[in-house]
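Engineer: build the 3D model from these lines:
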Amino acid sequence: MFGKILIANRGEIACRVIRTARRLGVRTVAVFSAADAQARHVRLADEGVAIGPPPARESYLVIRRIIDAAKATGAQAIHPGYGFLSENEEFATACATAGIVFIGPPAAAIRAMGSKSAAKALMERAPVPLVPGYHGSEQDEVFLQKEADRIGYPVLLKPSAGGGGKGMRIVGASTDFASALASCKREALSSFGDDRVLIEKYITRPRHIEIQVFADTHGNCVHLFERDCSVQRRHQKVLEEAPAPGMTVERRHEMGAAAVAAARAVGYVGAGTVEFIAEPSGRFYFMEMNTRLQVEHPVTEMITGQDLVEWQFRVAAGEPLPLAQERLAIHGHALEARIYAEDPGRGFLPSTGRLVHLSPPPESAHVRVDSGVEEGDAITPWYDPMIAKLIVWDETRPRALARMREALAAYRIVGVASNVEFLGRLVASLAFATADLDTGLIEREQASLFPPARGVPAIALYAAAAAILDGEAATAARKGAEGHDRWSPWSAADAFRLNAIAQRRLVFRDGETEHPVTIDYADAGTRMSVDGGATVTVEAMRDASGALALAIDGIRQSVRVVAQDERRHVFLADGVHVLTYVDPLAGIGEGHGVEGGFAAPMPGKVIAWLAEPGSDVVKGAPLLILEAMKMEHTITAPAAGRLVGYRFGVGEQVSEGAELVEFTVAKA
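Structural biologist: Sure thing, here's the model as predicted:
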């Protein structure tokens with residue numbers, strides 16, 4: 001076994017590799033860009049080496065810097081994780097040249113599977129079942145049109161050198177082929193520097209099923225069963241499970257044998273995944289092979305009881321596979337949900353910011369959380385916005401589903417938008433619960449997965465108000481304890497009055513709607529009413545974990561309220577409600593027409609001014625466009641006023657939090 005390895009990656013997968021390395025007594029070296037200097041994987045590793053600026057192409061993708069870091073620290077091997085250089089033939093070759101073990105397949109295997117069209121030609125000879133299509137080198141448009149007509153519509157156009165769903169186009173008729181081909185080629189050239197395409201018969205309602213394979217240098221090759229990765233958004237996986245629902249023993253044996261044949265055809269070594277597309281009838285076809293460990297490998301680990309990263313270490317060190325095929329077995333059912341900093345309601349746009357509050361469900365024999373971040377860390381625009389992978393296991397699929405619903409309900413994130421509530425709706429949907437799976441599930445279930453905005457319940461407002469009162473009482477008690485006269489009445493926050501019942505009004509905004517909460521400090525306890533409605537008695541207390549518990553007219557329930565500036569994130573059983581506290585003291589002394597700036601939500605580049613400096617604008621008027629995370633963000637006026645001027649010119653780079661404009665709010 002190696003004494004020290006370098007991990008040529010970041011985030012969740014780097015932390016995952018470190019966990020196994022530590023258990024095996026292997027020291028670890030982290031590499032990091034300037035943006036990741038304080039990242040969790042750097043904090044966990046035994047050593048760390050800075051490798052360049054935040055853009056991946058200037059740090060994590062610079063082969064020379066990775067090799068130099070390994071040499072400088074005496075690392076005997078490099079684990080590439082997934083993404084970045086994990087399937088880079090040049091990197092695998094550079095490791096071998098430097099005398100460093102690449103914890104992955106031989107460069108030749110990476111090369112063989114790097115081109116989708118070449119891989120499919122190889123699989124055809126293996127033989128491994130292929131989707132009817134054209135995978136050749138001829139790229140003449142007229143020829144490709146004829147091939148599509150021969151295959152029969154609908155067909156799927158895919159970049160030959162691509163992945164991740166980029167450039168894919170579904171063509172429903174011959175008349176649409178030319179425009180779809182041009183669009184596919186443009187995106188392929190932009191994303192991969194290669195505009196070659198392949199054509200496949202488009203399978204309606206397909207399932208995406210992949211087989212985990214493992215091979216060693218002693219001629220052994222096994223499969224560790226299948227994973228169903230059908231639930232996808234933007235052609236990217238979001239929920240995975242193992243084993244695949246409805247899989248028969250015979251079909252599992254067939255697919256496993258085909259996957260092993262594919263691995264042997266390229267002289268594979270290490271961990272790999274052979275991906276298949278399956279028809280409703282059960283027929284399956286080879287799609288591609290990923291020559292690395294997959295993001296969703298934990299579900300395989302949970303049902304087999306094996307540590308696949310440990311297997312990678314042992315195989316790379318020249319040891320034989322830990323187990324033969326006949327000793328591998330499936331136990332129970334596992335699900336994985338990818339927790340992303342993204343906004344499902346806005347087309348899954350990624351979100352950036354600091355994780356003000358991050359509280360995952362507690363880990364146990366049934367629940368596992370693989371994460372690359374902790375509370376206080378930042379989700380930056382430089383890398384994939386994954387926060388964590390939530391994995392659950394139980395004896396049966398229905399019980400695992402119940403575990404997942406419970407775990408998602410307990411996941412609390414403040415500081416960035418997240419897909420946690422969306423995932424909760426997804427696993428609770430009838431289609432997913434009944435295993436009515438295919439890659440179009442999310443599109444089919446739009447109505448239930450993207451419901452209209454719900455109104456804020458009264459309990460959320462009671463909780464927000466109670467949290468403010470609790471915070472005020474704690475602050476008063478602290479100041480009293482710090483003062484000279486701990487018994488001073490000015491140190492109390494109990495609303496005592498000599499001759500009357502104290503009353504107070506707190507206002508919270510839900511979107512554009514304001515909700516006043518009236519508070520009466522009565523002898524029988526604090527009483528509240530919302531929007532002038534019925535009055536209830538509200539008793540607030542803290543439990544041992546610090547969570548706020550409310551007893552409303554004697555009925556107790558736990559809530560969690562997290563403050564972020566003026567916002568109050570109220571976590572209830574039905575999800576999170578974000579309320580804005582309208583502070584009556586905010587703005588006092590500032591006067592009307594207060595001058596203020598507009599902070600950049602993330603690092604980016606100003607690409608356009610949309611209003612004239614010195615002009616009067618109405619609320620919502622677009623002021624400038626900021627390009628960040630490969631998307632355009634329009635900065636608008638929050639109120640009517642005057643645009644005094646811009647602080648950055650078109651084409652200038654700005655950092656997160658930079659004030660973009662000078663603005664004066666109009667007098668009321």
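
Engineer: report the beta-bridge partners for residue 529.
Structural biologist: Residue 529 has these beta-bridge partners by DSSP bridges: residue 518, residue 535.

Engineer: elements contacting the strand ranked longest in the chain?
Structural biologist: In the chain, with assignment by DSSP state E, the single longest strand is strand 221-233. Using 3 or more Cβ pairs under 8 Å, 6 or more residues apart in numbering; DSSP states H and E, the elements in contact with strand 221-233 are strand 207-215, strand 236-242, helix 249-265, helix 297-304, helix 441-444. Bear in mind the C-beta positions are built from the backbone N, C-alpha and C, glycine included.

Engineer: a markdown table for those, including distance to residue 462 and mean neighbour count?
Structural biologist: Formatted as a markdown table, the helices and strands packed on strand 221-233 follow (distance: least, Cβ to Cβ, whole Å; neighbours: other Cβ atoms under 10 Å):
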| stretch | distance to residue 462 | mean neighbour count |
| --- | --- | --- |
| strand 207-215 | 45 | 25 |
| strand 236-242 | 34 | 24 |
| helix 249-265 | 52 | 18 |
| helix 297-304 | 39 | 24 |
| helix 441-444 | 35 | 17 |
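
Engineer: please save the CA atoms from stretch 183-199 in CSV.
Structural biologist: Provided in CSV are the C-alpha atoms of stretch 183-199 (Å, rounded to 0.1, in the frame of the first residue of the first chain):
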residue,chain,number,x,y,z
SER,A,183,-26.8,23.8,-33.6
CYS,A,184,-25.2,20.5,-32.3
LYS,A,185,-22.0,21.2,-34.1
ARG,A,186,-21.7,24.8,-32.9
GLU,A,187,-22.1,23.7,-29.2
ALA,A,188,-19.8,20.8,-29.6
LEU,A,189,-17.1,23.0,-31.1
SER,A,190,-17.5,25.6,-28.3
SER,A,191,-17.6,23.0,-25.5
PHE,A,192,-15.1,20.4,-26.7
GLY,A,193,-13.1,21.9,-29.5
ASP,A,194,-14.4,19.2,-31.8
ASP,A,195,-17.6,19.4,-33.9
ARG,A,196,-17.9,15.8,-34.9
VAL,A,197,-21.2,14.1,-34.1
LEU,A,198,-22.8,10.7,-34.0
ILE,A,199,-26.4,9.7,-34.6
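
Engineer: could you give me the average pLDDT of it?
Structural biologist: Mean pLDDT, computed over stretch 183-199, is 87.

Engineer: which other residues reach that stretch?
Structural biologist: 116-117, 120, 133-135, 137, 139, 144, 147-148, 151, 155-162, 166-169, 181 (Cβ atoms under 8 Å, 6 or more residues apart in numbering).

Engineer: mind checking which of these are buried?
Structural biologist: 116-117, 120, 133-135, 144, 147-148, 151, 155-162, 166-169, 181 (16 or more other Cβ atoms under 10 Å).

Engineer: which members of these occur in helices, if any?
Structural biologist: Members of the buried ones among the contacts of stretch 183-199 lying in helices (criterion: DSSP state H): 116, 117, 120, 144, 147, 148, 151, 181.

Engineer: and those, which two are furthest apart?
Structural biologist: 120 and 181 (18.7 Å; Cβ to Cβ).

Engineer: shouldn't residue 90 be in contact with residue 64?
Structural biologist: No. With contact defined as Cβ atoms under 8 Å, residue 90 does not count as touching residue 64 (10.8 Å).

Engineer: okay, these two: which has more neighbours?
Structural biologist: Legend: neighbour count by other Cβ atoms under 10 Å for residue 90 and residue 64, higher for residue 90 (12 against 9).

Engineer: list the contacts for the more buried one?
Structural biologist: residue 63.

Engineer: for the helix or strand containing it, buried residues please.
Structural biologist: Following DSSP states H and E, one finds residue 90 within helix 89-97. By 16+ other Cβ under 10 Å, the buried positions in helix 89-97 come out as 89, 91, 92, 93, 94, 95.

Engineer: need the pLDDT of the first one.
Structural biologist: Spelled out, it's residue 89. Note for residue 89: predicted pLDDT of 94.

Engineer: return the distance of residue 613 relative to residue 405.
Structural biologist: 52 Å (Cβ to Cβ, to the nearest Å).

Engineer: for these two, indicate the residue with more neighbours.
Structural biologist: Ranked by neighbour count (other Cβ under 10 Å), residue 613 and residue 405 place residue 405 first, with 16 against 12.

Engineer: my guess is the more buried one contacts residue 425, does it?
Structural biologist: No. Counting by Cβ under 8 Å, residue 405 stays clear of residue 425, with 10.1 Å between them.

Engineer: helix or strand with the lowest mean pLDDT in the chain?
Structural biologist: Among the helices and strands of the chain, strand 595-599 carries the lowest confidence by mean pLDDT, DSSP states H and E, at a mean of 56.

Engineer: residues near residue 290, how many?
Structural biologist: 18.

Engineer: that one touches residue 87, doesn't it?
Structural biologist: Yes. Using Cβ under 8 Å, residue 290 is in contact with residue 87, at 7.2 Å.

Engineer: who touches both of those two?
Structural biologist: Both residue 290 and residue 87 are contacted by residue 113, under the criterion Cβ under 8 Å, 6+ apart.

Engineer: tell me who's in contact with residue 583.
Structural biologist: Taking Cβ under 8 Å, 6+ apart as the test, what residue 583 contacts is residue 566.

Engineer: mind listing the strands for the stretch 351-500 of the chain?
Structural biologist: Here the stretch 351-500 of the chain has its strands, by DSSP state E, counting those that start in this stretch, at 353-354, 357-359, 367-371, 378-379, 386-394, 412-414.

Engineer: in TSV: those strands, plus distance to residue 23 and mean neighbour count.
Structural biologist: Listed next are these as TSV, based on distance: least, Cβ to Cβ, whole Å; neighbours: other Cβ under 10 Å:
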stretch	distance to residue 23	mean neighbour count
strand 353-354	31	16
strand 357-359	25	18
strand 367-371	15	20
strand 378-379	28	22
strand 386-394	18	24
strand 412-414	28	22
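
Engineer: so which of those gets nearest residue 662?
Structural biologist: strand 353-354 (23.8 Å).

Engineer: now do that closest one, average pLDDT.
Structural biologist: On average, strand 353-354 scores 89.

Engineer: tell me which of the strands of the stretch 351-500 of the chain sits nearest to residue 458.
Structural biologist: From those, taking Cβ to Cβ, the stretch that ends up closest is strand 412-414, at 21.1 Å.
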